[in-house]
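S.K.: here are the coordinates; sequence isn't available:
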């Protein structure tokens with residue numbers, strides 16, 4: 001029964017990934033923690049990331065076909081995230097993540113609110129804030145932090161990168177979402193590789209979850225792309241609201 005429940009959650013998480021919602025990975029982590037309390041936290045996170053990686057890859061590809069990705073900037077950014085995510089995954093096996101997660105969630109809420117109230121978030125085209133060379137340097141730095149976050153703290157790197165690209169680099173919501181997915185997928189692949197080689201992935205659970213996540217991600221991505229940029233803004237509002245509630249809950253838990 002627990003195994004079936006995990007597969008269902010993985011499918012729903014894949015659908016949410018395709019919709020670009022924040023938090024589906026957190027739901028899968030919660031389910032794994034609930035049904036398998038004896039499983040080490042690093043193994044839970046490694047299993048969740050492997051299970052969701054295929055859906056993330058598929059969704060990234062579908063969004064990149066729809067929206068024009070600035071590969072001159074996002075390519076180095078994704079490479080930086082790939083490298084730093086391995087460091088974050090290594091830290092995960094050593095340290096407690098709660099305090100750092102609360103801090104990043106608070107940052108995401110603040111930046112998400114700023115993106116929502118930004119009158120330019122609905123714009124149709126990218127409006128550069130920097131020269132191409134400076135943008136490449138700054139997005140690479142952002143990729144380093146996104147990778148560390150993804151490797152160490154867990155889900156939400158794509159949405160965090162999306163609000164950074166909208167606020168700090170002038171990206172439209174569609175291009176920012178596609179780019180955030182690419183950077184997050186790169187970081188996730190690196191973290192999964194490290195955790196798998198260090199024995200922190202339960203492959204017996206992960207493989208059926210991969211299939212369920214792929215199916216869910218395909219249909220979620222198709223629906224999101226069909227609805228367009230206004231829907232992505234609505235998703236951003238929902239993600240910020242969900243994260244704010246999650247932040248309050250985790251802060252209260254930390255005080256108790």
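M.R.: That came through fine. Just so we're clear, the structure is a prediction, and the values are computed from it rather than from any experiment. Residues are numbered from 1 along each chain as shown.
S.K.: Name the next helix or strand following the least confident helix or strand in the chain by mean pLDDT along the chain.
M.R.: With mean pLDDT, DSSP states H and E as the measure, the helix or strand of the chain carrying the lowest mean pLDDT is helix 98-117 (a mean of 56). With elements assigned by DSSP states H and E, the helix or strand that comes after helix 98-117 is helix 132-152.
S.K.: avg pLDDT for that following helix?
M.R.: Averaging pLDDT along helix 132-152 gives 90.
S.K.: Report the distance from it to the chain centre.
M.R.: Here the centre of helix 132-152 is set off from its chain's centre by 14 Å, with CA atoms, centre = their mean, to the nearest Å.
S.K.: you'd agree residue 15 is up against residue 219?
M.R.: Yes: with contact defined as CB atoms under 8 Å, residue 15 counts as touching residue 219 (6.0 Å). C-betas here are computed from N, CA, C, even on glycine.
S.K.: Which of the two has more residues huddled nearby?
M.R.: Neighbours were counted for residue 15 and for residue 219 using other CB atoms under 10 Å; residue 15 has more, 23 against 14.
S.K.: which secondary structure elements does the helix or strand harbouring the more buried one contact?
M.R.: Per DSSP H and E: residue 15 is located in helix 2-19. Counting contacts by 3 or more CB pairs under 8 Å, 6 or more residues apart in numbering; DSSP states H and E, helix 2-19 is packed against helix 24-35, helix 41-66, helix 203-227.
S.K.: 10 Å instead?
M.R.: When contacts are defined as 3 or more CB pairs under 10 Å, 6 or more residues apart in numbering; DSSP states H and E, helix 2-19 packs onto helix 24-35, helix 41-66, helix 173-197, helix 203-227, helix 229-255.
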